[in-house]
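**Student:** below is the sequence, then the predicted model.
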Amino acid sequence: MWSKDDVAAMLINPIYAISIHPDLTGTHEPIVTKQLWIEANQKLIEEVGAQEWLRRLLVTLEGNFPARPEDPTTAFGYKQDG
């Protein structure tokens, strides 16, 4: 039987709702600490609201994320599928 914690862990994992873009699954060095990321995103959630923040997170995980400006495969600085 699933516990409440098991269900919560599944609900928080976006892998159950979307396909994560392969460019986001590679090994890399973080550029900010976890704590700084949490604090910055807490402020963003307060500014845009939880629902909008979650929508933006899923869109980013699906592959529409800022890319290097010199990358010729980007449009307006964002990766595009296709």
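**Tutor:** Looks like it came in fine.
**Student:** when you work out contacts or count neighbours from here on, use the C-alpha atoms and nothing else.
**Tutor:** Fine.
**Student:** all strands for this protein, in order.
**Tutor:** 74-75, 78-79 (DSSP state E).
**Student:** Asp5 and Ala17, how far apart?
**Tutor:** The spacing between Asp5 and Ala17, counted by Cα to Cα, to the nearest Å, is 18 Å.
**Student:** check Asp6 too.
**Tutor:** Taking Cα to Cα as the measure, Asp6 falls 16 Å from Ala17.
**Student:** quick one: pLDDT of Tyr16?
**Tutor:** Tyr16 is assigned a pLDDT of 87 by the prediction.
**Student:** that one is in contact with Met10, isn't it?
**Tutor:** Yes. Contact criterion Cα atoms under 8 Å: Tyr16 and Met10 qualify, at 7.3 Å.
**Student:** what residues does the lengthiest helix in the chain touch?
**Tutor:** The helix spanning the most residues in the chain, taking DSSP state H as the definition, is helix 34-48. Residues from elsewhere that reach helix 34-48 (Cα atoms under 8 Å, 6 or more residues apart in numbering): Glu52, Trp53.
**Student:** just how off-centre is it within its chain?
**Tutor:** 13 Å (Cα atoms, centre = their mean, to the nearest Å).
**Student:** out of the helices and strands in the chain, which is least certain?
**Tutor:** strand 74-75 (a mean of 49; mean pLDDT, DSSP states H and E).
**Student:** please report how far Gly63 lies from Asp6.
**Tutor:** Counting by Cα to Cα, the gap from Gly63 to Asp6 is 27 Å.
**Student:** low-confidence ranges in this structure?
**Tutor:** For the chain, applying pLDDT under 70 flags the ranges 66-82.
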